[in-house]
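1. Quick one: sequence plus predicted model below, questions after.
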Amino acid sequence: MEEIMHTLREHEKEVNNLQGELTRLNLAAATPTGHDFRPNSVSASREGERRLDRTEHQLALHEIQLSEQDLQIQMLEATSYDGTYIWKIDHYSRRFQEAASGKTPSIYSPPFYVGRFGYKVCARLYPNGDGMGKGTHMAMFFVIMRGEYDALLPWPFMQKVNFRLIDQDRIRDAYDAFRPEPHSSSFKRPTSDMNVASGCPTFISQAGLREGGYILNDTMFVKITVDMAGLQGQTF
């Protein structure tokens, strides 16, 4: 985080310098120079235009880099490292329609971590279900992602995973959990960006989803909790 903040400050300083240079070049271009059409004057004018173009291009690049750094900081600030993540899913009706039509069958949560230097994971939700629950249930799955510290972690992944769909009326949450199957490729050390998702294909029925207070203002909340028991001393 400190390294990103330092880089961000350097980019901001560079942008400020470029903005000052751009202002100076714009002022120079707008200053009347009379009707001097000598070759040297034309050449100087063209050189000024090229410098102006270069400065504008550099400024645009630095502004893009600033935006990327800012987004990275926001993601780091929102990341959880204790194996628990509350996933806010907005615009649910649109996401369900896109899933039902086959346009976007599933959505992924942002990544989170099981330990500060532990497993990198995320959740995958099928609004219109998947497999045996397609069209009748909402499915909830868990995904092991390739992480920076996989070489130091025990494999296969063996921690219990809990899913909780929060009832916003505070009456009754929907809950399910599973333990990883050690021989499944879903829980081996990842060799690509992420493993095949595994979890609960019949997490909650569509009827149950509509009846409860799970969706309010077109928004739902899912809490994913990974049991960290037994990991103390094994993750760094």
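-> Everything's here; your move. Source: prediction; values computed, not measured.
2. Could you use CA atoms for every contact and neighbour count after this?
-> Fine.
3. buried residues in stretch 179-193?
-> Neighbour-count burial for stretch 179-193 flags Pro180, Ser186, Phe187, Lys188, Arg189, Pro190 (criterion: 16 or more other C-alpha atoms under 10 Å).
4. nope, stretch 215-222 is what I meant
-> Ile215, Met220, Phe221, Val222.
5. hmm, who's touching stretch 128-136?
-> In this structure, residues lying in contact with stretch 128-136 by C-alpha atoms under 8 Å, 6 or more residues apart in numbering are Phe96, Ala99, Ala100, Pro105, His137, Met138, Ala139, Pro201, Thr202, Ser205, Gln206.
6. Closest one of the residues you listed to Tyr175?
-> When those are compared for distance to Tyr175 (C-alpha to C-alpha), Thr202 wins out at 11.3 Å.
7. Can I get whichever strand or helix holds that closest one in CSV? Just the C-alpha atoms.
-> Using DSSP states H and E, Thr202 sits within strand 198-205. Extracted C-alpha coordinates of strand 198-205, given in CSV (Å, rounded to 0.1, in the frame of the first residue of the first chain):
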residue,chain,number,x,y,z
SER,A,198,-17.4,-25.8,-6.4
GLY,A,199,-20.2,-25.4,-3.8
CYS,A,200,-24.0,-25.3,-3.5
PRO,A,201,-26.0,-25.6,-6.8
THR,A,202,-29.3,-25.5,-4.9
PHE,A,203,-28.4,-22.9,-2.4
ILE,A,204,-31.9,-21.3,-2.3
SER,A,205,-35.0,-21.8,-4.4
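8. avg pLDDT for the helix or strand following it?
-> Where DSSP H and E defines the elements, the next helix or strand beyond strand 198-205 is helix 206-211. The predicted model assigns helix 206-211 a mean pLDDT of 93.
9. There's contact between Ser205 and His137 in this structure, I believe.
-> Yes. Counting by C-alpha atoms under 8 Å, His137 is a contact partner of Ser205 at 4.0 Å.
10. ok, the two, which is more surrounded?
-> His137 (23 against 17; other C-alpha atoms under 10 Å).
11. Just to check, that one is in contact with Leu125?
-> No. Between His137 and Leu125 there is no contact under C-alpha under 8 Å: 11.0 Å.
12. Now Ala177. Nearest residue, chain neighbours left out?
-> Spatially, and ignoring its direct neighbours in sequence, Ala177 is nearest to Asn162 (4.3 Å; C-alpha to C-alpha, 6 or more residues apart in numbering).
13. can you give me the helices in this protein?
-> For the chain, applying DSSP state H gives helices covering 2-30, 39-78, 92-100, 206-211.
14. For the last one, which helices and strands make contact with it?
-> With contacts defined as 3 or more C-alpha pairs under 8 Å, 6 or more residues apart in numbering; DSSP states H and E, helix 206-211 has no packing partner among the helices and strands.
15. Dump that helix to CSV, restricted to CA.
-> Extracted as CSV, the C-alpha positions of helix 206-211 are listed here (Å, rounded to 0.1, in the frame of the first residue of the first chain):
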residue,chain,number,x,y,z
GLN,A,206,-36.3,-19.0,-6.5
ALA,A,207,-39.6,-19.1,-4.6
GLY,A,208,-37.8,-18.9,-1.3
LEU,A,209,-35.7,-16.0,-2.6
ARG,A,210,-38.8,-14.1,-3.5
GLU,A,211,-40.6,-14.8,-0.2
